[in-house]
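*Asks:* Using only what follows, build the 3D model:
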Amino acid sequence: MEDNKEIVEDITAEVVASGGEAVLVGADEALKTSDKEIKVSAKDAARAAMYKKHAPRERRREESAGEIGSKLIGVNRITKVVKGGRTLRFNALVVVGDKNGRVAIGHGKAREVTEAIRKAEQDGKKNFRNVPLRGTTIPHEVIGRFGTSQVKMIPSKEGNGLVAGVSVRAVLELAGYKDVTAKCYGSTNPTNVVKATLDGLLQLRTREDVMYLRGKDVL
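*Replies:* Numbers count the residues shown, from 1 in each chain. I've put the predicted structure just below:
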């Protein structure tokens, strides 16, 4: 035991490379751990690092999908009368976005509220739309319409924040805007307001887009 201790004390530290990172094993820890166990643990660490580096695409998509946020706008109860009686279902409306110029609206129906919300989120992730960002606000004033609802959005200076209703704010926040003033006209139905807001955002054009449509070079 004393011979082994002298050998270990001569070794200041043992560094084992594992996936680009170094695992430092001190003398005191090495006394309690055999060489075989250290080699096995180092091999497992290297294997885990290699698996993380060459992770399948599906796993990478799931990790990137975790950055996407969602907000529930509303849940409606649907009752259907059939021969055997009444069947109760729920319809959920969800806004999904990554706060970096991508936003979508999702719908989901199910017999349970949680399942309806999950389906709505999945539906929204399949229908992402790109909207232009100009710093923290929109490029220009715009009016979105859907049904009898109208949403007027005006650019605002940095620091003013979002001055809008709950439904409009949800869409703007998840799209990545931080300074916008909005006003609703007509019907204030949450579904119509959300769709009118998205319609207005899709009408936005940057200076580069306008120059390209006119066939002119961007100065």
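*Asks:* Going along the chain, name the strands of the chain.
*Replies:* 13-18, 21-26, 69-82, 85-97, 102-110, 129-130, 142-146, 149-155, 162-163, 180-186 (DSSP state E).
*Asks:* Throw those into CSV and include distance to residue 174, thanks.
*Replies:* Any C-beta I mention is one placed from the backbone N, CA and C, and that applies to glycine too. Shown next, in CSV, are the strands of the chain (distance: least, CB to CB, whole Å):
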stretch, distance to residue 174
strand 13-18, 39
strand 21-26, 36
strand 69-82, 6
strand 85-97, 3
strand 102-110, 5
strand 129-130, 12
strand 142-146, 16
strand 149-155, 15
strand 162-163, 11
strand 180-186, 13
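*Asks:* Worst mean pLDDT among those?
*Replies:* With a mean of 39, strand 13-18 has the lowest mean pLDDT of the strands of the chain.
*Asks:* Of the strands of the chain, which is nearest residue 205?
*Replies:* Smallest distance to residue 205 across the strands of the chain (CB to CB): 9.2 Å, for strand 142-146.
*Asks:* The closest one - which strands sit beside it in the sheet, and in what orientation?
*Replies:* Applying DSSP bridges, strand 142-146 is found paired with strand 149-155 (antiparallel).
*Asks:* Touching the partner strand from outside, list them.
*Replies:* Here strand 149-155 makes contact (CB atoms under 8 Å, 6 or more residues apart in numbering) with 134, 137-145, 164, 168, 172, 179-189, 192-193, 195-197, 200-201.
*Asks:* Drop anything exposed from these.
*Replies:* Among these, the ones that count as buried by 16 or more other CB atoms under 10 Å are 137-140, 142, 144-145, 164, 168, 172, 179-182, 184, 189, 192-193, 195-197, 200-201.
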